[in-house]
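Undergrad: Show me the folded form of this:
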Amino acid sequence: MISADPDEPIHVLDLPQIHTKPSGTELIQALSLLTTKPRSFGLKAPEAVRAQAVHPAGIARYLTSIISSPLAWLDTEELREAVWDAAAARLSERSGRTAMPAMSRVFMIPTSHGEEYTLTLHEPSLTSDNLGMKTWVSSYLLSIRLHSLLESPPQLVPTATTTPQLHPERTLRALELGAGTGLVGLSFAALRGPSASIHLTDLPAIVPNLAHNAALNVELLNRTGATVTTGVLDWSVPPTPLPTPAEQYDLILAADPLYSPNHPKWLVDTVTHWLSRGLNARVVVEMPLRDAYLPQVQDFRQRMGQLGLAVVDEGEEVGYDDWESADGGALEVRCWWSVWGWSEKL
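TA: Next up, the predicted model:
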């Protein structure tokens, strides 16, 4: 029998057993109690979230007993499918982050005036070739830093030198590269409101979910007066024709952008094409310092310097991703954030 006390652990034998032919409602209720959400992001190690404590012994066997049962006593095929789907989801949740089904996640983004903005992001189930569908901790860390980055020197202001034909009080134009689920760009849009517009970009397979997430947050974006667009931008393909000064951006954002030896060159080439040559133009990046990718981080720094950009501000911080470490604990990730500007300004 399931206890009504949420603090009292449940034993798997207290759950409705298949041999007793429980109702579909009872099974779905029991399976909801076994829901395991991914670890949340944060500046300290979080715990995985469960609806109620359940002794782990026997849970996998319990779930497979439901999946393997024909559930013939349930009235409809739809009800049987709902029970099987829920049991399969609970089993996949216990098989690591990459096995989890599609989910919606909620992020709280601080503002300079003490309010927090709430963003909801959809993440499809993960496969090895669509890791851009996942929100990464460096994106979260950059998003919660944006309100202070944008209001401390050097100011991120529209550049008069980029498009002199426009009014000097025009809105700031921002571009996010490798936007993924859109957390950084959508946070920026809500924080800046009508004072900026932002174009969120990624590869063709990722952009539909990116656009979906922009639509999910339309109420916040409308309330803050934000302007957001989405589109495809492949760093490996030079734009044809090259962007005119009027088409370039005052600010480029990127989080966790380096995954192969080619990425530093492609990323800096893309910055070359799309960043305004105005002296107030900025590039803001945050990336994890993973041992395997430290050469790419160094390559990125060197290429940015060769382009004529220099670090205006930088720092390191530690966050916790929703992957698990080898011992099952929260995975600590050390990240480097930096703000770049044209070196002639410094």
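
Undergrad: So which residues make contact with stretch 286-294?
TA: Applying CB atoms under 8 Å, 6 or more residues apart in numbering, the contact partners of stretch 286-294 are 136-139, 141-142, 145, 254-259, 297, 300, 316, 333-338. Just so you know, the C-beta spots here come from the backbone N, C-alpha and C atoms, and that holds for glycine as well.

Undergrad: how about 7 Å then?
TA: 138, 141-142, 255-258, 297, 333-337 (CB atoms under 7 Å, 6 or more residues apart in numbering).

Undergrad: Show me what counts as buried in that stretch.
TA: Of the residues in stretch 286-294, Glu286, Met287, Pro288, Tyr293 count as buried by neighbour count, 16 or more other CB atoms under 10 Å.

Undergrad: farthest-separated two in the contacts of stretch 286-294?
TA: Between any two of the contacts of stretch 286-294, the greatest separation by CB to CB is 16.5 Å, found for Pro257 and Arg334.

Undergrad: Between the two, which has more neighbouring residues?
TA: Pro257 (21 against 11; other CB atoms under 10 Å).

Undergrad: before we move on, what SS does that one have?
TA: What DSSP: H, G, I helix; E, B strand; the rest coil gives for Pro257 is coil.

Undergrad: Could I get the pLDDT score of it?
TA: According to the prediction, Pro257 has pLDDT 94.

Undergrad: which residues sit in contact with it?
TA: Neighbours of Pro257 in contact, by CB under 7 Å, 6+ apart: Leu177, Gly178, His263, Leu267, Val285, Met287.

Undergrad: please redo it, this time with the cut-off set to 10 Å
TA: Shown here is Pro257, whose contacts under the criterion CB atoms under 10 Å, 6 or more residues apart in numbering are 138, 177-178, 180, 235, 263-264, 266-267, 270, 285-287, 296, 300.

Undergrad: just Pro264 next, same as before
TA: So Pro264 contacts 257-258, 293, 295-304 (CB under 10 Å, 6+ apart).

Undergrad: mind listing which of the residues you listed are in helices?
TA: Pro295, Gln296, Val297, Gln298, Asp299, Phe300, Arg301, Gln302, Arg303, Met304 (DSSP state H).

Undergrad: What count of nearby residues applies to the first one?
TA: The one in question is Pro295. So Pro295, with other CB under 10 Å, has 12 neighbours.

Undergrad: Ok, the third one next?
TA: Residues near Val297, counting by other CB under 10 Å, number 17.

Undergrad: just the last one next, same as before
TA: By the criterion of other CB under 10 Å, Met304 has 22 neighbours.

Undergrad: shaky segments in the protein?
TA: Along the chain, the parts satisfying pLDDT under 70 run over 1-8, 37-54, 95-101, 126-132, 150-169, 322-330, 344-346.

Undergrad: Next, please give the residue ranges for the strands of it.
TA: In the chain, the segments counted as strands under DSSP state E are 36-37, 49-50, 103-110, 116-123, 172-177, 196-202, 227-232, 251-255, 282-288, 309-324, 330-342.

Undergrad: With distance to Trp84 added, can I get those strands in JSON lines?
TA: Shown next, in JSON lines, are these (distance: least, CB to CB, whole Å):
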{"stretch": "strand 36-37", "distance to Trp84": "18"}
{"stretch": "strand 49-50", "distance to Trp84": "21"}
{"stretch": "strand 103-110", "distance to Trp84": "19"}
{"stretch": "strand 116-123", "distance to Trp84": "23"}
{"stretch": "strand 172-177", "distance to Trp84": "39"}
{"stretch": "strand 196-202", "distance to Trp84": "34"}
{"stretch": "strand 227-232", "distance to Trp84": "35"}
{"stretch": "strand 251-255", "distance to Trp84": "37"}
{"stretch": "strand 282-288", "distance to Trp84": "38"}
{"stretch": "strand 309-324", "distance to Trp84": "26"}
{"stretch": "strand 330-342", "distance to Trp84": "31"}
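
Undergrad: Quick one: buried ones out of the contacts of stretch 286-294?
TA: Here, 16+ other CB under 10 Å leaves Ser138, Leu141, Leu142, Ala255, Asp256, Pro257, Leu258, Val297, Val333, Cys335, Trp336, Trp337 buried among the contacts of stretch 286-294.

Undergrad: just to revisit the earlier point, Pro110: which of the contacts of Pro264 is nearest?
TA: Proximity of the contacts of Pro264 to Pro110 was ranked by CB to CB; the top entry is Pro257 with 23.5 Å.
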